[in-house]
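curious how this folds, go ahead:
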Amino acid sequence: MTAAYASLPGPVGWITVFVEDGAVVALEWGRTEAEVPGLGLDAAVTELRRYLDGEPVSFGVPVRPAGGAFFQSVWRRLVAIPWGQTVSYGALAAELASSPRAIARACAANPIPIIIPCHRVVAASGGLGGYSGGDGIDTKAALLALEGVGLPLQRTQKKSKGRTLHGHGHPLP
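This next block holds a predicted model:
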């Protein structure tokens, strides 16, 4: 199955959303030169534009992230974190009978950031924790600020190189 995809600009740079069979399967930082239309792409782009414009969005587009059972359980819980709120790695770990490190690994492996809002998970100490998307914690801070989360939270991660358009195996022309 060929993925439909489109890129859109926002306050965290360009992002590209990938949709297969009507469900979002990936969101990556960077842009493509062309758009490939497909079922569900318009709805995903519309919701993401609203989000990037600063409108509180409860995403309703179907998602189908690839990952094992534990990661899936973490990602389902992340979707329940409301706009403008955060939860700590430790609190999620206690809720899911896991460890904060395992929660952090699931967040880092999240193939659909923003829609599955791993940026809303922070350190119990008040720090931002880590972030693997875009420009790392700078992107996480920008997404939280967009949602009106009081900053500055402490920055506890070195800047990462983030994801690339080829990071999830979506070959682009």
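
just give the closest residue to the residue nearest in space to the middle of the chain, not the sequence neighbours.
Residue closest to the average C-alpha location in the chain (CA atoms, centre = their mean): P113, at 1.0 Å. In this structure, P113 finds its nearest non-sequential neighbour in G133, 4.6 Å apart by CB to CB, 6 or more residues apart in numbering. The way it works is simple: take the backbone N, C-alpha and C, and place the C-beta from them, glycine included.

below-threshold pLDDT in the chain: ranges please.
Residue ranges of the chain with pLDDT under 70: 1, 152-173.

give me the domain ranges for it.
The record assigns the chain these domain ranges, following automatic domain parsing: 4-52, 69-146.

for the last one, measure first residue to last.
This points to domain 69-146. 31 Å (CA to CA, to the nearest Å).

gap between that domain and the chain center?
Chain-centre distance of domain 69-146: 9 Å, with CA atoms, centre = their mean, to the nearest Å.

L96 contacts W75, doesn't it?
No - with contacts counted by CB atoms under 8 Å, L96 stays clear of W75, the gap being 11.0 Å.

higher neighbour count, these two?
A direct count of neighbours by other CB atoms under 10 Å for L96 and W75 places W75 higher, at 22 against 16.

need the contact list for the residue lying closest to S7 once chain neighbours are set aside.
Once flanking residues are discounted, S7 sits nearest to R31: 3.8 Å by CB to CB, 6+ apart. Contact analysis of R31 by CB atoms under 8 Å, 6 or more residues apart in numbering lists 7, 9, 14-16, 165.

if you set the cut-off to 10 Å instead, what comes out?
Neighbouring residues of R31 by CB atoms under 10 Å, 6 or more residues apart in numbering: 6-9, 13-16, 165, 172.
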